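K.L.:
Need a 3D model of the following:
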Amino acid sequence: MGLAGALRHRAGTLVDRRFAQRRWTLSKRHIAGSGLEIGALHKPLRVPDDVRVRYVDRYDEAGLRSHYPELDELPLVEVDVVDDGETLATIPDGSVDFVIANHFIEHTQNPLQTLSNHLRVLRAGGVLYLAVPDKRRTFDADRALTPLEHVLHDFEHGPAGSRDEHFRDWVVHVDKPQDVEARVAELSDADYSIHFHVWTPRAFSELLEHARGELGMPFTIAEVLRNGIEFIVILRRVADDATAVEAEATAPGRAAADARA
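P.N.:
As a prediction, this is how the structure comes out:
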C-alpha cells in the first residue's frame, strides 16, 4: 500500500469511527422503548440493547434488492412492516416511542407532510431521530438548495406537479447522462428513490422553525449535531395540549440555532 496509502486508509477509518460514534452517542441519549426505523437497508442505527426496533420499508427484501441492484452484495435488515415511510398509514397514532429516519427525508416528495406523519405516530415525549445529508458534502453539491417556499407549495397543493422537475434536477446535476429526457422518464417510470430535496443545516433549520411556529407541528428541537457529510436532528414530540413554542422554553439540549451554518 505504501506510506501515503496507509495514512489515507487510517484517516478514512478514523473518520468512519467518529461518524458512527456520534450517531451512537445520540442514540444512547435519546432512543428508548419500542419504535420504528424507516429505510434502514444495510445501515441500521445502532441502538441500546433493551430497545425494540421494527424496520419499515416500502418493499420487502426481494423488492428492495430488485429496486437497488447496487446493494446486491450487502446484507439488508429484515423488513418487519411494508409501508410507505412518508405516510406510515399502517401505524396507529401515538403508538411508538421513536421513529428513526436516517437519510430519508431528502427522498420524500412531501417533506412537511412526512414530518407531520412521523410526529403523528409518536407518543407524547417520543423522539424523531433524523440524519440529513448536508448537500455541500455530498454528490448534491452542484444542486441549488430546496427553497422553503417550494416545500410549502408541495405541502399545500401536493407534490405531483413538481415531481418531474425534481427528477430533471437530479439527472442534470448528479446523474449527468447523455440523454437527459430519456433518463428522467426512466427514473420517473421506475419511481426511483432520488434525493428530491437538498438542504444545508441552516436551510433545514428554517424548515423546522416554520413547521413548528407557523404550522403548529407539536415538537421541540432537543439536539442538533453535525456529523461529517450529515447533520443529526433530534425532535421530541410534545403533548397535543401543549404548544411547541411553549415547550421549547424548557426543552433540554441544543436549540435549532446550533444548526445554522
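
K.L.:
Pull the contacting residues for the nearest residue to residue 96 once chain neighbours are set aside.
P.N.:
Once flanking residues are discounted, residue 96 sits nearest to residue 35: 4.2 Å by C-beta to C-beta, 6 or more residues apart in numbering. C-beta coordinates here come from the backbone N, C-alpha and C atoms, glycine included. Taking C-beta atoms under 8 Å, 6 or more residues apart in numbering as the criterion, residue 35 is in contact with 51, 52, 53, 54, 96, 97, 98, 99, 100, 126, 127.

K.L.:
Please repeat the previous calculation with a cut-off of 6 Å.
P.N.:
96, 97, 98, 99 (C-beta atoms under 6 Å, 6 or more residues apart in numbering).

K.L.:
same deal with residue 83?
P.N.:
Applying C-beta under 6 Å, 6+ apart, we find residue 83 in contact with 56, 90.

K.L.:
do the same with the one 10 residues further on
P.N.:
Neighbouring residues of residue 93 by C-beta under 6 Å, 6+ apart: residue 120.

K.L.:
Could you check which helix or strand contains it?
P.N.:
In the assignment (DSSP states H and E), residue 93 maps to no helix and no strand.

K.L.:
for residue 193, same thing?
P.N.:
Since the elements are taken from DSSP H and E, residue 193 ends up inside neither a helix nor a strand.

K.L.:
Please determine how far it is located from residue 236.
P.N.:
28 Å (C-beta to C-beta, to the nearest Å).

K.L.:
So for these two, which residue has more residues nearby?
P.N.:
Between residue 193 and residue 236, counting by other C-beta atoms under 10 Å, residue 236 is the more crowded of the two (25 against 16).

K.L.:
May I have the phi/psi pair for that one?
P.N.:
phi -120, psi 130 (degrees, to the nearest 10).

K.L.:
repeat for residue 130
P.N.:
For residue 130, the backbone dihedrals are phi -120, psi 120 (criterion: degrees, to the nearest 10).

K.L.:
Pretty sure it sits against residue 235.
P.N.:
No. At 7.0 Å, residue 130 does not count as touching residue 235 under the criterion of C-beta atoms under 6 Å.

K.L.:
Give me the more crowded residue out of those two.
P.N.:
When residue 130 and residue 235 are compared for neighbours, residue 235 comes out ahead with 28 against 23, by other C-beta under 10 Å.

K.L.:
Kindly tell me how buried residue 145 is, as a neighbour count.
P.N.:
17.

K.L.:
how close does it sit to residue 130?
P.N.:
Applying C-beta to C-beta to residue 145 and residue 130 gives a distance of 17 Å.

K.L.:
try residue 162
P.N.:
22 Å.

K.L.:
Then residue 136?
P.N.:
From residue 136 to residue 130 the distance is 18 Å (C-beta to C-beta).

K.L.:
And residue 177, by the same measure?
P.N.:
31 Å.

K.L.:
in stretch 199-213, what counts as buried?
P.N.:
Residues 199, 200, 201, 203, 204, 205, 206, 207, 208, 210, 211, 212 are the ones in stretch 199-213 that count as buried (16 or more other C-beta atoms under 10 Å).

K.L.:
pLDDT of it, averaged?
P.N.:
Stretch 199-213 shows a mean pLDDT of 97.
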